[in-house]
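S.K.: A predicted structure for the sequence below; I have some questions about it.
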Amino acid sequence: METIAAGRLTLRPLTVQDADEMAEVLAGEDLYAFIGGAAPTPAELRARYAALEAGRSPDGRQEWLNWIIRRDTDRRAVGYVQATVVDEGRRAEVAWVVGTPWQGRGYASEAAAALAGWLRARGVARIEAHIHPDHHASMTVAGRIGLLPTDQVEDGERVWAWERSAR
């Protein structure tokens, strides 16, 4: 997996060594209002990141792609983006999370746009994001990267999608 330039940011492939720093980034309880759960401990993140570093689900049907979002000015981690690629590389489910102290600065939009562009360049034909109906900031990010709301709802979240037009 490669590093991706993203405007003022760089997306660096996630490693287990990122866990302690990311535990701080993901510490804000407000961060979980729409995505559920609670702030992970460094130990929980190390275990999760070790599994994600494998790059594939145990059955091999999902490709797991995860990047830490780092500011170029100071290389500080501010969040992460991820893509779960399925259907033999044709469809990707994406997500972005920016820590509470760094929200409202356009980082999520820059990082998500870079991720979407990278996926499109790899030939992914459909990009989806699952967004809570009250999470207006994520809806804004989704719209900025070309995703549109669909009629599909999964687990109470609206599916936003972009699809490559057939030629």
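M.R.: Nice, thanks for sending it over.
S.K.: residue ranges of the helices in the chain, please?
M.R.: Taking DSSP state H, the helices of the chain run over residues 19-25, 42-52, 107-121, 136-144.
S.K.: Deepest in the core, which of those is it.
M.R.: helix 107-121 (a mean of 21; mean count of other C-beta atoms under 10 Å). For the C-beta atoms, the positions are set from N, CA and C on the backbone; glycine is no exception.
S.K.: dump the residue contacts of the residue most central in space within the chain.
M.R.: Nearest to the geometric centre of the chain sits Val81, at 2.6 Å (C-alpha atoms, centre = their mean). Residues near Val81 by C-beta atoms under 8 Å, 6 or more residues apart in numbering: Leu11, Asn66, Trp67, Ile69, Val94, Ala95, Trp96, Val97, Ala111, Ala112, Ala114, Leu115.
S.K.: Identify the farthest-apart pair in those.
M.R.: Of all pairs drawn from these, the greatest distance, 15.0 Å, lies between Val97 and Ala114 (C-beta to C-beta).
S.K.: Any stretches of the chain with poor pLDDT?
M.R.: 166-167 (pLDDT under 70).
S.K.: rerun that using 50 as the cut-off
M.R.: By pLDDT under 50, the chain has no low-scoring segment.
S.K.: which residues of it fall in strands?
M.R.: Using DSSP state E, the strands found in the chain span residues 4-6, 9-13, 63-71, 77-86, 91-98, 126-131, 148-154, 157-163.
S.K.: Let me have those strands in TSV, extended by distance to Gly55.
M.R.: Compiled in TSV, those are given as follows (distance: least, C-beta to C-beta, whole Å):
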stretch	distance to Gly55
strand 4-6	16
strand 9-13	9
strand 63-71	6
strand 77-86	10
strand 91-98	14
strand 126-131	19
strand 148-154	24
strand 157-163	24
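S.K.: which one of those strands lies closest to Asp20?
M.R.: Comparing those against Asp20 with C-beta to C-beta, the closest turns out to be strand 77-86 (10.1 Å).
S.K.: can you give me the angle that closest one makes with strand 9-13?
M.R.: Relative orientation of strand 77-86 versus strand 9-13 (axes from the mean of the first three to the mean of the last three C-alpha atoms, to 10 degrees): 60 degrees.
S.K.: re the thing from before, how close does the residue nearest to the centre of the chain get to Arg164?
M.R.: According to C-beta to C-beta, to the nearest Å, Val81 and Arg164 sit 20 Å apart.
S.K.: ok, back up a step: what's the closest of the strands of the chain to Thr140?
M.R.: Thr140 lies closest to strand 126-131 among the strands of the chain, at 10.1 Å (C-beta to C-beta).
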